[in-house]
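In: how would this look folded up:
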Amino acid sequence: MQQLNLPTYQFRIQIVEGKQKIFDQWRKKFVVLTNEEWVRQNFIRFLVEDKNFPDSLIAIETGLKVVKRNKRTDAVVYSRSGRPIVIVECKAPEIELNEEVFDQIIRYNMTLQVPYLMVTNGLTHICCMLDYESYSVKYLREIPNFNSIEV
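Out: Numbers count the residues shown, from 1 in each chain. Take a look at the predicted model:
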C-alpha cells in the first residue's frame, strides 16, 4: 500500500479468496483493504496512538440519516459524556480534498452538529473547528490532541 503522510503502524493483513483484507480493531473483523480503508486505518491509529484519542470513543462507519437518506460516516469521535464531537472523512490518496469532499462532511454534520471536522486522504489532513454561535469556521494548523478538544 502507498506510504502516507502519517507515522508507520503495524497491521494484521491477510489474503482471503484473492482479496487483501486488514483487521479493523474497532469493528473487530477483517475488511477489504481498499486505498480508502488504508487511509482510515492509518488515520484512526494516528488519532489513538499519537493524539491520545481513546479508541473506545471512536465509532467506525456510523449510520445516520441525511435528508431522509441513510449515510455512513467514516468515523465519529465521542466525548466522554457520549456526545459526538468529531466527524472524520477519509478519502483514498488519489482523491483531491476539494469542495465536493467538504460538502459531504458538512451534510453529515447537519445531523450530528459536532464542533470539529477532519478530512484526510492520508497525504493531506485538514481539521476545522466550527463555532455555531458566530457561524464561523477556523482551520487548525494541525490535528489537535483529544484532551484539548473534548468539551
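In: tell me which stretches of this protein form helices.
Out: For the chain, the helices defined by DSSP state H cover 35-51, 99-112, 146-149.
In: single out the most deeply packed of those helices.
Out: helix 35-51 (a mean of 20; mean count of other Cβ atoms under 10 Å). For every residue, glycine as well, the C-beta is placed using N, CA and C.
In: picking that back up, closest one to Ser134 among the helices of the chain?
Out: Nearest to Ser134 among the helices of the chain is helix 99-112 (16.4 Å), distances taken as Cβ to Cβ.
In: find the residue at the geometric middle of this protein.
Out: Computing the C-alpha centroid of the chain and ranking residues by Cα atoms, centre = their mean puts Val88 first, at 2.7 Å.
In: pull the number of nearby residues for the nearest residue to it once chain neighbours are set aside.
Out: Take Val88 and drop its neighbours on the chain: the residue closest to it by Cβ to Cβ, 6 or more residues apart in numbering is Ala75, 3.9 Å away. Applying other Cβ atoms under 10 Å, we find 21 residues neighbouring Ala75.
In: how about Leu97?
Out: 16.
In: show the backbone phi and psi for it.
Out: As for Leu97, its main-chain torsions (degrees, to the nearest 10) stand at phi -80, psi 90.
In: got a list of what it touches?
Out: 91, 119-121, 124, 126 (Cβ atoms under 8 Å, 6 or more residues apart in numbering).
In: can I get those in a markdown table including distance to Leu57 and pLDDT?
Out: What follows is the contacts of Leu97, written out as a markdown table (distance: Cβ to Cβ, whole Å; pLDDT from 0 to 100):
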| residue | distance to Leu57 | pLDDT |
| --- | --- | --- |
| Lys91 | 23 | 95 |
| Val119 | 20 | 95 |
| Thr120 | 18 | 96 |
| Asn121 | 24 | 96 |
| Thr124 | 25 | 94 |
| Ile126 | 21 | 93 |
